[in-house]
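>>> Structure, please.
(one chain, ligands or ions: 2)
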Amino acid sequence: MRPQRGAMPHSQSDTESILRIEDLTVSFDGFRAVDALSLSVERNELRVIIGPNGAGKTTLLDMICGKTRPSSGRVFFNGIDLTKLSEHQIVRAGVGRKFQTPSVYEDLTVIENFEISLPEGQGVLGSLFFRRTEQVMERITSIAEQVFLRDQLDQKAGRLSHGQKQWLEIGMLLIQSPELLLLDEPVAGMSPREREQTADLLNRISQGKSVIVIEHDMDFVKRIAHKVTVLHQGRLLSEGSVAEVQEDSRVIDVYLGH
Ligand code: ADP
Ligand code: MG
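Numbers count the residues shown, from 1 in each chain. Ligands and ions are numbered 1, 2, ... in the order given. This is a model prediction of the structure:
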């Protein structure tokens, strides 16, 4: 069930950040992978998170999507504290997460992968069955078009290139109409041409929803980022435009200079 609007602790104004992370910390056996981190993401913003390996980027996404429980701190999404919800409830609240390695159903076709990603309750409604199916097909086709897989609909996912699998997984998230999309290194293993296409895709997506992307490729980051957050040892090292963080000597020292 979607949380009832009346039950939300905060009123939802358009000016409120869609995501507000407050003093978030997680320790693994005393080691603070994310350490007193605070940041906010706006509606229709595409935020890129960069930082050296082990900086805590993936762990941060894990805490937003409920995979890892923080030791302390809060994650407010549309005013709802996600740290109190299960992973499933967080998906239903409107947060979609893509992991570092693509996880698609290799033995199913592209269409079937999309079908099983549809939000529950769609598709079967007695006499409306046929119409619903047509609507579902339209939705699948339109998403497939967006993620450059229009001509691969009947192909088994296992036969797609690595880049196409990444796109399929993004499409499987889009079909659930999330308000916030979390993408962990979405262009890893992609060709330069596929990276360009993915940049176009993400620029289009962020016109209607908020997106957080973890990425290392600075050429790619330049093409998509509205704002960049730099993490280092679980802490916020720098934040600003691409140009601002590239000129920040602390960022050059620990990351970009290497
Ligand atoms: P990044 O994505 O920035 O490369 P991670 O968030 O994956 O970094 O990891 C941050 C640090 O936390 C690393 O030192 C990693 O080994 C550690 N870490 C991540 N998850 C766990 C876990 N479940 N148990 C113990 N240590 C972890
Ligand atoms: Mg990572």
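
>>> State the pLDDT value of the closest residue to ligand 2 within the chain.
The minimum distance from the chain to ligand 2, using C-beta to the ion, falls at Thr58 (3.2 Å). Bear in mind the C-beta positions are built from the backbone N, C-alpha and C, glycine included. pLDDT for Thr58: 97.

>>> Do a quick rundown of the helices in this structure.
57-64, 87-93, 110-117, 129-146, 162-174, 192-205, 218-224, 242-247, 249-251 (DSSP state H).

>>> Enumerate the residues of the chain near ligand 2.
57-58 (C-beta under 5 Å from the ion).

>>> what sits against the residue nearest the centre of the chain?
What sits nearest the mean C-alpha location of the chain, by C-alpha atoms, centre = their mean, is Leu182, with 1.3 Å. Residues in contact with Leu182 (C-beta atoms under 8 Å, 6 or more residues apart in numbering) are 61, 64-65, 95-98, 211-212.

>>> so it bridges to which residues?
In this entry, Leu182 is beta-bridged to Arg97, Ile212, by DSSP bridges.

>>> which parts of the lowest-mean-pLDDT helix or strand in the chain are buried?
The helix or strand of the chain with the poorest confidence is helix 129-146; it has a mean of 83 (mean pLDDT, DSSP states H and E). For helix 129-146, burial by neighbour count (16 or more other C-beta atoms under 10 Å) applies to 136, 139-140, 143-144, 146.

>>> out of those, which one sits closest to His232?
Minimum separation from His232 among the buried residues of helix 129-146 (C-beta to C-beta) is found for Gln146, which lies at 34.4 Å.

>>> Verify the stated contact: that closest one with Arg204.
Yes: using C-beta atoms under 8 Å, Gln146 is in contact with Arg204, at 7.2 Å.

>>> thinking again about what came up before, which among the contacts of Leu182 count as buried?
The neighbour count (16+ other C-beta under 10 Å) marks 61, 64-65, 95-98, 211-212 as buried among the contacts of Leu182.

>>> how about these in a markdown table, adding pLDDT?
Shown next, in a markdown table, are the buried ones among the contacts of Leu182 (pLDDT from 0 to 100):
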| residue | pLDDT |
| --- | --- |
| Leu61 | 98 |
| Ile64 | 98 |
| Cys65 | 97 |
| Val95 | 97 |
| Gly96 | 95 |
| Arg97 | 92 |
| Lys98 | 88 |
| Val211 | 98 |
| Ile212 | 98 |
